[in-house]
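> Return atomic coordinates for the entry below.
(chains A and B)
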Amino acid sequence: MRKRAIILNTAIIFGFVAVFLRLVDLMVLNHGRLSERANIQQLKQEDIQVRRGFIFDRRGRELGVNLEVESLYCNPDAVASPETAAYAISRVTGKREDAVLAKFSSKGRFVWVERKLNLEAAERIRKMGIKGLGFMPDAKRFYPKGRLASHIIGAVGIDNQALEGVELKYDKFLKTPGGKILVTRDATGRTLSKGEDMESKGNNIVLTIDEGLQYIVEKGLDNAMLRWQASAATVIMMNPFTGEILALANRPAYDSNSSMNAKDFEKRNRAITDCYEPGSTFKIIVGAAVIEEKEVNLDTRFDCSKGAISVGNAVIHDEHKHGVLTFKEVIQKSSNVGSAMLGMQLGKERLYKYAKLFGFGEKTGIDLPGEVSGWIRPPEKWSGMSLGTIAIGQEVAVTPLQILRAYSAIANGGILIKPHVVSEIRSPDGTLIYSFTPAGNKAAISRQTADIFKDILKTVTEEGGTGRSASVEGNQVAGKTGTAQIIDPKTRRYSREKYVSSFVGFVPADNPMIAMIVVVYEPRGQIYGGVVAAPVFKEIAKQSLSYLNVPREDTNEKNVLVVERR
Amino acid sequence: MTHPHSHRGIFSFVLIPLAVVLLLFGIFSIVWLRSSVRTVEYSIAQLDNKRMEILKERKMLMAEKASLLSIQNVKNTGDGKVGLVFPDRVKVIYVKKEKGVTPYKASLDGRRLSEP
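Residues are numbered from 1 along each chain as shown, chains lettered A, B, ... in the order given. This next block holds a predicted model:
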């Protein structure tokens, strides 16, 4: 009995020792090697899903968001029946069957079949159970307002890479680096949570534009394009005190959701990338300069009765003879002869100096890609006629935004502000990362000169002015018309058929809420800024003032409901 | 002579089994704890997946809402289906808010309604 007990005890002890030794082998001696093997089996490296930040308008309305989609890939060798699979997939995606089949004939073990499938389509394909297919979670940039503000917002490519607009300019804020994360999975492939977020989101951008104003502007532009059968048109609306772009639109335009299909000329943001000779809208430079330099007063008279003036080798004409005009009338009636006289009185150096002070020949610094600086030659390179032609807005190349900025300086008391489209950048949790702060704004002219010139610009939209059709009922508009010839690239001379018609101004004149420029390229039927662009200005301004709840200045006090706090 | 023997008896019959039970309890507790952690990890992973699905749905709904609430849509619906028109500025009544204390009191022509 005792012998048996000893044998049993020995066997048990031996067994325990064997187990212990094996444990030492597994847990101490081979620990490193075995845990490495376990990790290979259990740990899986997964991509952190990268999502671009959202883009909002100034009131927090979404302009650029992400949609969760799936991308379909295949291992061509593993697809058992390519023809059947191609047919089934083409039925769901709407893609040509032979195009899908071509994917299955590709070499390699990983081939994209269809990118950015919506979740419903992906589910339908998944349910087909076709072997050799796989799905990868993906994000698709989606612009809920379609074509609206596409030249500001921009677009991204198939891999969400920035291509245009704010998407491109602020790409480093919108995108996020992403990375990899290790997840543990069991034998059945189920993953175990590490408690880490599998999604990394970029910062959100708040724009200065207002969807409502943008819509009004774009509708006005569409009407203008239709009415004048123009080749292109641009409207920019800006807060003249802060430089916030409230709306910016060009025609032709494109839908940011299908930017791949857009043509280059549709993608051009003409407001900042295209130069044109401004014509009469440039006369504020010479006008403001002569007031600032105290060369003239409002009643100084200019004899424009001949209807033409010789400057160097050129003869500058008025559209019709005006007679003797006061300085104020020279601007109001947009007399070329009077403006040329002002230019000659001012001289080359001072005219150039004021053009530079108003920011011409330099980029405005707007935070959008592709801005050009325009063009004005230094005085030493001017010809004999330059003094006269530059005074009336020829021999200079400007962008619509540069002109609008110059007029904003008149509206705000002489300060040349920096236009911008991004107001704020916030992290996904709402922390403020960047907020636009005006810095380095310089005075182009004195407040007194600006106020005097503002009064002159008011007369342009009054009886006898060239911009009468820009006047808005109830609120005074200050502005200027412009009609400029386009140089024909074939003849290298001014075309007799192609013009650029424009109107630029601000409203209400004494307390401006908006400054706006309308530029219509190559209108048909009419050419004058006062006929073509001014009515567009009026229509947009009228609706915008309603939208912004700006009261009419002529409102009968009896119609004003006054609410008091007691 | 009997005293030490009874001590050894207590040790053998009570303490050793107790120690074994405690040891086993400890081992099983650790195993149970680790298994529970795994179960929780599975649950969290499931909830994570569910959360991601719901977030996806939320994003889709947000995009749909943004499309539906675009000014263009609102205007088209207002003009076409509801028959609304853009306000005529002449007929708009502007409400001036003047400083003071609540509650608000409405008056016309700048006069208080409460006045005789």
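
> rest of the way, CA atoms for contacts and neighbours
Fine.

> Pull the number of nearby residues for the residue nearest to B:Glu64 when sequence neighbours are not counted.
What sits nearest to B:Glu64 in space, not counting adjacent residues and going by C-alpha to C-alpha, 6 or more residues apart in numbering or on different chains, is A:Pro144, at 7.5 Å. By the criterion of other C-alpha atoms under 10 Å in any protein chain shown, A:Pro144 has 24 neighbours.

> do the same with A:Glu199
If you count neighbours by other C-alpha under 10 Å, A:Glu199 ends up with 13.

> Run through the bridge partners of it.
Judged by DSSP bridges, the bridge partners of A:Glu199 are A:Gln49.

> Would you mind listing the residues in contact with it?
Contacts for A:Glu199 (C-alpha atoms under 8 Å, 6 or more residues apart in numbering or on different chains) come out as A:48-51, A:178.

> Look up the pLDDT of residue 75 for me, please.
Chain wasn't specified; assuming chain A. We have a pLDDT of 90 for A:Asn75.

> other chain: chain B
87.

> Could you confirm it falls within a strand?
No: according to DSSP: H, G, I helix; E, B strand; the rest coil, B:Lys75 belongs to no strand; its state is helix.

> residues near the residue lying closest to A:Gln332 once chain neighbours are set aside, how many?
Nearest residue to A:Gln332, sequence neighbours excluded (C-alpha to C-alpha, 6+ apart): A:Val460, at 4.6 Å. Number of residues near A:Val460 (other C-alpha under 10 Å) recorded here: 29.

> Quick check: which of the contacts of A:Glu199 has the minimum pLDDT.
Within the contacts of A:Glu199, A:Gly178 has the lowest pLDDT, namely 77.

> does it sit in a helix, a strand or a coil?
Three-state assignment for A:Gly178 (three-state DSSP): coil.

> That one and A:Ile48 touch, don't they?
Yes: here A:Gly178 lies in contact with A:Ile48, judged by C-alpha atoms under 8 Å, at a distance of 5.4 Å.

> which residues are common contacts for the two?
Contact criterion C-alpha under 8 Å, 6+ apart; residues shared by A:Gly178 and A:Ile48: A:199-200.

> how about the helices in the stretch 251-400 of chain A?
A:264-267, A:270-273, A:283-292, A:327-332, A:336-346, A:348-357, A:386-391, A:400-411 (DSSP state H, counting those that start in this stretch).

> Need the residues that contact the fourth one.
The one in question is helix A:327-332. By C-alpha under 8 Å, 6+ apart, the surrounding residues in contact with helix A:327-332 are A:283-284, A:287, A:296-302, A:338-339, A:456-457, A:459-460, A:464-466.

> Sort out for me which of the residues you listed are in strands.
Assignment to strands by DSSP state E places the following of these there: A:301-302.

> Redo the helices of the stretch 251-400 of chain A as JSON lines? Include distance to A:Glu199, mean pLDDT and mean neighbour count.
Putting the helices of the stretch 251-400 of chain A into JSON lines (distance: least, C-alpha to C-alpha, whole Å; pLDDT from 0 to 100; neighbours: other C-alpha atoms under 10 Å in any protein chain shown) gives the following:
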{"stretch": "helix A:264-267", "distance to A:Glu199": "32", "mean pLDDT": "93", "mean neighbour count": "16"}
{"stretch": "helix A:270-273", "distance to A:Glu199": "36", "mean pLDDT": "96", "mean neighbour count": "23"}
{"stretch": "helix A:283-292", "distance to A:Glu199": "54", "mean pLDDT": "94", "mean neighbour count": "24"}
{"stretch": "helix A:327-332", "distance to A:Glu199": "60", "mean pLDDT": "91", "mean neighbour count": "24"}
{"stretch": "helix A:336-346", "distance to A:Glu199": "62", "mean pLDDT": "93", "mean neighbour count": "25"}
{"stretch": "helix A:348-357", "distance to A:Glu199": "49", "mean pLDDT": "95", "mean neighbour count": "19"}
{"stretch": "helix A:386-391", "distance to A:Glu199": "57", "mean pLDDT": "93", "mean neighbour count": "28"}
{"stretch": "helix A:400-411", "distance to A:Glu199": "39", "mean pLDDT": "97", "mean neighbour count": "27"}
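
> residues near residue 18, how many?
Just going to use chain A. By the criterion of other C-alpha under 10 Å, A:Ala18 has 12 neighbours.

> Can you look at chain B instead?
B:Leu18: 13 neighbours (other C-alpha under 10 Å).

> ditto for the one 4 residues further on
The burial metric for B:Leu22, expressed as a neighbour count using other C-alpha under 10 Å, is 12.

> tell me which residues in the longest strand along chain A are buried?
Once chain A is assigned using DSSP E, the strand that runs over the most residues is strand A:493-507. Buried residues in strand A:493-507, defined by neighbour count with 16 or more other C-alpha atoms under 10 Å in any protein chain shown: A:498-507.

> count of residues packed around the residue in the stretch 301-450 of chain A that chain B sits nearest to?
Closest contact between the stretch 301-450 of chain A and chain B, by C-alpha to the nearest C-alpha, is at A:Pro428 (14.2 Å). For A:Pro428, the count of nearby residues is 14 (other C-alpha under 10 Å).

> and the gap between A:Leu325 and A:Cys304?
Distance of A:Leu325 to A:Cys304, computed by C-alpha to C-alpha, to the nearest Å: 7 Å.

> any common contacting residues for those two?
Residues touching both A:Leu325 and A:Cys304 (C-alpha under 8 Å, 6+ apart): A:Gly338.

> Compare those two and say which is more crowded by neighbours.
A:Cys304 (24 against 20).

> State whether the more buried one and A:Thr326 are indeed in contact, as I suppose.
No: with contact defined as C-alpha under 8 Å, A:Cys304 does not reach A:Thr326; the gap is 9.9 Å.

> related to what we said a few turns ago, any idea which of the helices of the stretch 251-400 of chain A gets closest to B:Ser35?
Among the helices of the stretch 251-400 of chain A, the nearest to B:Ser35 by C-alpha to C-alpha is helix A:264-267 (59.1 Å).

> Please write out the alpha-carbon positions of stretch A:423-439 in PDB.
Only the C-alpha atoms of stretch A:423-439 are listed here, as PDB (Å, rounded to 0.1, in the frame of the first residue of the first chain):
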ATOM      1  CA  SER A 423     -12.500  83.200 -41.900                       C
ATOM      2  CA  GLU A 424     -11.600  80.400 -39.400                       C
ATOM      3  CA  ILE A 425     -10.100  77.000 -39.200                       C
ATOM      4  CA  ARG A 426     -11.200  74.800 -36.400                       C
ATOM      5  CA  SER A 427     -10.000  71.400 -35.300                       C
ATOM      6  CA  PRO A 428     -12.600  68.500 -35.400                       C
ATOM      7  CA  ASP A 429     -13.300  69.100 -31.700                       C
ATOM      8  CA  GLY A 430     -14.000  72.800 -32.300                       C
ATOM      9  CA  THR A 431     -10.800  74.300 -31.100                       C
ATOM     10  CA  LEU A 432      -9.900  77.500 -33.000                       C
ATOM     11  CA  ILE A 433      -6.700  77.000 -34.900                       C
ATOM     12  CA  TYR A 434      -6.700  80.000 -37.200                       C
ATOM     13  CA  SER A 435      -8.800  83.100 -37.400                       C
ATOM     14  CA  PHE A 436      -8.200  85.800 -40.100                       C
ATOM     15  CA  THR A 437      -6.900  89.000 -38.600                       C
ATOM     16  CA  PRO A 438      -6.500  92.000 -40.800                       C
ATOM     17  CA  ALA A 439      -2.800  93.100 -40.700                       C
END
